[in-house]
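Participant: here are the coordinates; sequence isn't available:
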């Protein structure tokens with residue numbers, strides 16, 4: 001019997017020496033570059049107003065050593081675009097543009113590397129981002145998991161279904177479902193991947209506000225039990241969670257899954273979903289972040305990166321430490 005063929009996520013981990021780099025805070029870097037994203041669409045507003053800036057930020061993360069870049073579609077949804085006055089066809093084109101811009105950035109960067117090869121870089125993968133239902137609501141509920149009794153399994157599947165079809169049609173390498181706050185949405189995603197017969201490997205990442213449970217208060221073990229049964233999900237993990245919780249969560253995940261583990265926490269600051277501001281809590285600078293990241297790899301993380309309030313400088317520092325390579 002032959003060996004099972006690796007999926008693209010497994011391949012990038014192997015080619016990166018056992019731990020691949022995910023990019024960092026996309027909206028954060030857009031703001032640093034001057035974008036105004038104080039909008040219900042958040043970073044996705046730049047798909048309308050400044051698509052070239054999106055490509056520029058992708059290139060900055062690739063230059064910093066990212067092996068995986070995540071599209072600007074986290075808060076991009078068809079209902080969200082329709083509410084802005086776009087027709088259905090225009091809304092779907094904007095979703096596809098998020099993947100296309102990332103693919104163009106990746107291909108352009110790869111061509112530059114082939115002309116001048118540099119140690120430590122791989123031909124990166126493009127992940128199509130899917131924010132949770134709570135991200136679409138833009139009310140902070142991706143950090144509470146409280147959607148209300150009217151939001152059941154079928155409603156969540158219907159919410160994600162067409163966006164999934166459109167983004168898969170744009171040709172990403174992998175799918176990234178991010179900041180999932182409760183068990184029912186994880187179940188909806190797993191069932192939807194099967195129903196739609198998706199062939200692209202997926203990454204499902206949760207958030208946590210206490211380092212022990214999902215924001216909904218449910219146990220990770222119960223969510224992982226659902227995900228473990230799916231061959232469509234190549235990796236599970238945690239994003240947009242304070243860095244000090246990550247090592248504990250990796251150890252917890254290792255007890256309940258054999259899938260690859262991805263971690264890309266925020267800087268440690270706290271987002272207030274109602275006031276839409278970052279609260280002045282503990283912030284982990286690049287040096288402290290990379291010190292922690294060494295432990296994350298040692299504990300079993302196979303994909304490491306950053307989320308909100310991290311930047312290309314964070315990813316560059318992580319790349320040098322995690323991949324053990326000199327990025328020239």
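Facilitator: Ah, there it is. Just so it is clear, the structure is predicted and the values come from calculations on it, not from any experiment.
Participant: now do the SS call for residue 129.
Facilitator: Of the three states, residue 129 takes strand under DSSP: H, G, I helix; E, B strand; the rest coil.
Participant: what residues are bridge-paired with it?
Facilitator: Residues found in beta-bridge contact with residue 129 (criterion: DSSP bridges) are residue 176.
Participant: which ones are touching it?
Facilitator: For residue 129, the contact set (CB atoms under 8 Å, 6 or more residues apart in numbering) comprises 70-74, 98, 176, 178. Where you see a C-beta, it was placed from the backbone N, CA and C, and this is true even at glycine.
Participant: what do you get for residue 173?
Facilitator: Counting by CB under 8 Å, 6+ apart, residue 173 touches 8, 125-127, 200.
Participant: strands of the stretch 51-200 of the chain, start to end?
Facilitator: For the stretch 51-200 of the chain, strands defined by DSSP state E, counting those that start in this stretch occupy the ranges 68-70, 125-131, 174-180.
Participant: and the first one, how far out from the chain middle?
Facilitator: Averaging C-alpha positions (CA atoms, centre = their mean, to the nearest Å) puts strand 68-70 8 Å from its chain's average.
Participant: that older thread, can you put the contacts of residue 129 in TSV and add distance to residue 215, pLDDT and neighbour count?
Facilitator: What follows is the contacts of residue 129, written out as TSV (distance: CB to CB, whole Å; pLDDT from 0 to 100; neighbours: other CB atoms under 10 Å):
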residue	distance to residue 215	pLDDT	neighbour count
70	21	98	29
71	24	98	31
72	24	97	30
73	22	97	28
74	17	95	26
98	25	98	28
176	18	98	26
178	13	98	23
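Participant: ok, those residues vs residue 194, which is closest?
Facilitator: Among the contacts of residue 129, residue 176 lies closest to residue 194 (CB to CB), at 18.0 Å.
Participant: isn't the closest one right up against residue 128?
Facilitator: Yes. Contact criterion CB atoms under 8 Å: residue 176 and residue 128 qualify, at 6.7 Å.
Participant: ranking the strands of the stretch 51-200 of the chain by burial, who's on top?
Facilitator: Mean neighbour count, computed with mean count of other CB atoms under 10 Å, is highest for strand 68-70 among these, reaching a mean of 29.
Participant: list the helices and strands that one packs on?
Facilitator: Applying 3 or more CB pairs under 8 Å, 6 or more residues apart in numbering; DSSP states H and E, we find strand 68-70 packed against helix 51-63, helix 88-115, strand 125-131, strand 174-180.
Participant: neighbouring contacts of it?
Facilitator: 12, 20-23, 26, 58, 61-62, 102, 105-106, 124-127, 129, 174, 176, 178, 303, 305.
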